[in-house]
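J.: Mind folding the following:
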Amino acid sequence: MKILYIDPVFGISGDMMISALIDAGLPFNELDALLKKIPISIPSMAPVKKKQGIVEGTYLSIGDNDIHLSIDDMEALIKGLDVEEKIKQDVHAMLQIILEAESKVHGVSKDRVHLHELSHIDTLIDLLCVAKGIHYFGIDKVYCGPIPLGRGTIKTAHGIIPNPPPATLEILSGYNVVFLEDSLELTTPTGATIVKHYVEDKKQVPPFTIEKIGYGLGTYKTDKPDMVRIFIGESDEPFFEEVVWLIEADLDDMEMEYIGAIADKIRKEGALDVLYFPVYMKKGRIGIRLSVTATANNFPHLSEVIFSETTTFGIRLRKELRKILKREEKIVETSYGPVSIKNGYDRQGKLIKTHIEFEDVKKISDERNIPYRILLDFLKLELGSKQ
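T.: Take a look at the predicted model:
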């Protein structure tokens with residue numbers, strides 16, 4: 001199992017996390033190529049090697065800009081990007097974490113949230129680049145040490161606010177934190193969001209073999225090193241287990257033609273799986289059971305979606321253990337053009353199954369007037385011979 005351990009020596013921010021990933025071996029040209037796909041002006045960026053005390057690390061220099069985006073703007077840009085679907089899903093989920101925290105802190109509905117500083121394009125850059133880095137290294141599980149927070153107050157574009165910012169505290173609820181005697185914003189909302197999304201297991205990191213180390217540097221000048229340190233390595237812990245939530249609701253009083261659309265929306269909101277099937281309810285009525293599998297971080301949001309989109313007055317929640325194969329998503333060239341596939345590997349790293357993306361099969365079949373099954377069988381045969 002490939003592990004990423006985050007050691008937030010003096011806090012964590014989005015740009016420091018990107019810097020640490022670059023320092024650990026993430027090629028900057030991978031990020032540069034990704035950001036160039038965004039159809040708006042992007043500030044200049046360059047990784048710079050610097051020293052803090054006796055430690056050398058990477059600092060990400062980002063040019064000045066005044067581009068601000070709404071959540072809807074960011075979502076639209078992400079949706080249109082030609083990148084791996086997992087990266088899109090991760091960024092979307094992180095934006096939802098920010099939106100929910102800001103909504104709760106300010107006491108307004110999510111559609112009325114104004115992100116203030118977090119509307120800056122740097123937020124989108126941070127989330128995209130970190131998601132790309134996690135995907136690049138093939139990380140299966142992320143752990144994090146206690147997260148440093150400052151004290152006192154900090155100055156923002158909208159006035160003086162408590163330190164740490166309320167949104168940061170809301171996001172980090174349930175995580176191990178440590179307060180330092182520094183009136184600095186040590187952990188930003190974006191840094192907290194990265195932890196919230198990726199660190200689902202709050203237990204101590206299991207034994208693992210260190211393969212790569214990265215130091216991401218910040219700009220604070222103090223007697224403490226302003227850096228976040230990451231370790232990437234392999235663990236022999238059971239592969240790949242995680243706790244998930246199962247959310248269920250039984251419906252017998254809503255228009256059934258909406259169920260499919262609701263299921264699609266819940267999937268887009270980050271559900272791991274969505275099922276619905278007929279059940280017999282009281283008085284012999286036939287209803288629909290909606291069953292949603294969600295990560296520990298996302299199940300509160302998905303619960304809200306179910307309440308808002310269905311007629312149910314109650315849902316059932318239970319924890320379950322999920323074991324999955326290590327997955328690799330990539331695009332391969334075939335005789336009929338590029339096709340997206342998903343490979344599954346066992347604990348020893350042996351390829352044991354390959355899934356071909358149906359939408360690609362459908363697109364090629366429709367364009368060339370080939371029956372779906374015939375094309376799928378041919379692609380399976382061709383790809384099998386290449387493995």
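J.: where do the helices sit along the stretch 51-200 of the chain?
T.: Listed from the start of the chain, the stretch 51-200 of the chain has helices (DSSP state H, counting those that start in this stretch) covering 71-80, 85-106, 121-136, 166-171, 189-198.
J.: so what secondary structure elements neighbour the last one?
T.: To tie it back to what came earlier, the one meant is helix 189-198. Using 3 or more CB pairs under 8 Å, 6 or more residues apart in numbering; DSSP states H and E as the contact test, the elements touching helix 189-198 are helix 14-23, helix 85-106, helix 121-136, helix 166-171. For glycine as for every other residue, the C-beta is placed from the backbone atoms N, C-alpha and C.
J.: switch to 6 Å and redo it
T.: If you count contacts as 3 or more CB pairs under 6 Å, 6 or more residues apart in numbering; DSSP states H and E, helix 189-198 packs onto helix 85-106, helix 121-136, helix 166-171.
J.: and the last one, which residues are buried?
T.: Within helix 166-171, the residues scored as buried using 16 or more other CB atoms under 10 Å are 167, 168, 169, 170, 171.
J.: ok, now which ones touch the residue lying farthest from the centre of the chain?
T.: The outermost residue of the chain, judged against the average C-alpha position, is residue 283 (43.7 Å), by CA atoms, centre = their mean. With contact taken as CB atoms under 6 Å, 6 or more residues apart in numbering, residue 283 is in contact with no other residue.
J.: and it, that one's in a helix?
T.: Yes - the assignment for residue 283 by DSSP: H, G, I helix; E, B strand; the rest coil puts it in a helix.
J.: How many residues are close by residue 265?
T.: 16 (other CB atoms under 10 Å).
J.: For it, which three-state class applies?
T.: Counting by three-state DSSP, the backbone at residue 265 sits in helix.
J.: Check what pLDDT it gets.
T.: For residue 265, the pLDDT comes out at 93.
J.: Name the nearest residue to it, sequence neighbours excluded.
T.: Nearest in space to residue 265, with sequence neighbours left out and distances taken as CB to CB, 6 or more residues apart in numbering, is residue 309 at 6.4 Å.
J.: quick one: that neighbour and residue 266, what's the gap?
T.: Summarising the geometry, the distance separating residue 309 from residue 266, computed by CB to CB, to the nearest Å, is 8 Å.
J.: Between those two, which has more neighbouring residues?
T.: Higher neighbour count among residue 309 and residue 266: residue 266, with 22 against 18, using other CB under 10 Å.
J.: Which residues are in contact with that one?
T.: When contacts are counted by CB under 6 Å, 6+ apart, residue 266 touches 274, 292, 305.
J.: how far out from the middle of the chain is stretch 44-57?
T.: Taking the mean of its C-alpha atoms, stretch 44-57 sits 26 Å from the chain's own mean (CA atoms, centre = their mean, to the nearest Å).
J.: got the CA coordinates for it in PDB?
T.: Included here for stretch 44-57 are C-alpha records, laid out as PDB according to Å, rounded to 0.1, in the frame of the first residue of the first chain:
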ATOM      1  CA  SER A  44       3.300  32.600 -13.300                       C
ATOM      2  CA  MET A  45       4.600  29.800 -11.100                       C
ATOM      3  CA  ALA A  46       8.100  28.500 -10.500                       C
ATOM      4  CA  PRO A  47       9.600  26.100  -7.900                       C
ATOM      5  CA  VAL A  48      12.700  27.600  -6.200                       C
ATOM      6  CA  LYS A  49      15.200  25.700  -4.100                       C
ATOM      7  CA  LYS A  50      15.700  27.500  -0.700                       C
ATOM      8  CA  LYS A  51      17.200  26.800   2.700                       C
ATOM      9  CA  GLN A  52      15.600  27.300   6.100                       C
ATOM     10  CA  GLY A  53      18.300  26.800   8.600                       C
ATOM     11  CA  ILE A  54      20.200  23.700   7.700                       C
ATOM     12  CA  VAL A  55      17.300  22.200   5.700                       C
ATOM     13  CA  GLU A  56      16.900  22.700   1.900                       C
ATOM     14  CA  GLY A  57      13.500  22.500   0.400                       C
END
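J.: Average pLDDT for that stretch, rounded please.
T.: If you average the pLDDT values across stretch 44-57, you get 91.
J.: residue contacts, the nearest residue to residue 271 once chain neighbours are set aside?
T.: For residue 271, ignoring the flanking residues on the chain, the nearest one in space by CB to CB, 6+ apart is residue 292 at 5.1 Å. Shown here is residue 292, whose contacts under the criterion CB under 6 Å, 6+ apart are 247, 266, 271, 274, 302.
J.: how about JSON lines for these, with distance to residue 86 added?
T.: Formatted as JSON lines, the entries for these read as follows, by distance: CB to CB, whole Å:
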{"residue": "247", "distance to residue 86": "22"}
{"residue": "266", "distance to residue 86": "18"}
{"residue": "271", "distance to residue 86": "14"}
{"residue": "274", "distance to residue 86": "17"}
{"residue": "302", "distance to residue 86": "18"}
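J.: so how far is residue 25 from the residue farthest from the centre of the chain?
T.: Residue 283 sits at a distance of 63 Å from residue 25 (criterion: CB to CB).
J.: Could you do residue 242 as well?
T.: When CB to CB is the yardstick, residue 242 and residue 25 sit 26 Å from each other.
J.: One more: residue 306?
T.: Residue 306 sits 41 Å away from residue 25 when distances are taken as CB to CB.
J.: Between these two, point out the one with more neighbours.
T.: Neighbour totals were compared for residue 306 and residue 25, and residue 306 leads with 21 against 14 (other CB under 10 Å).
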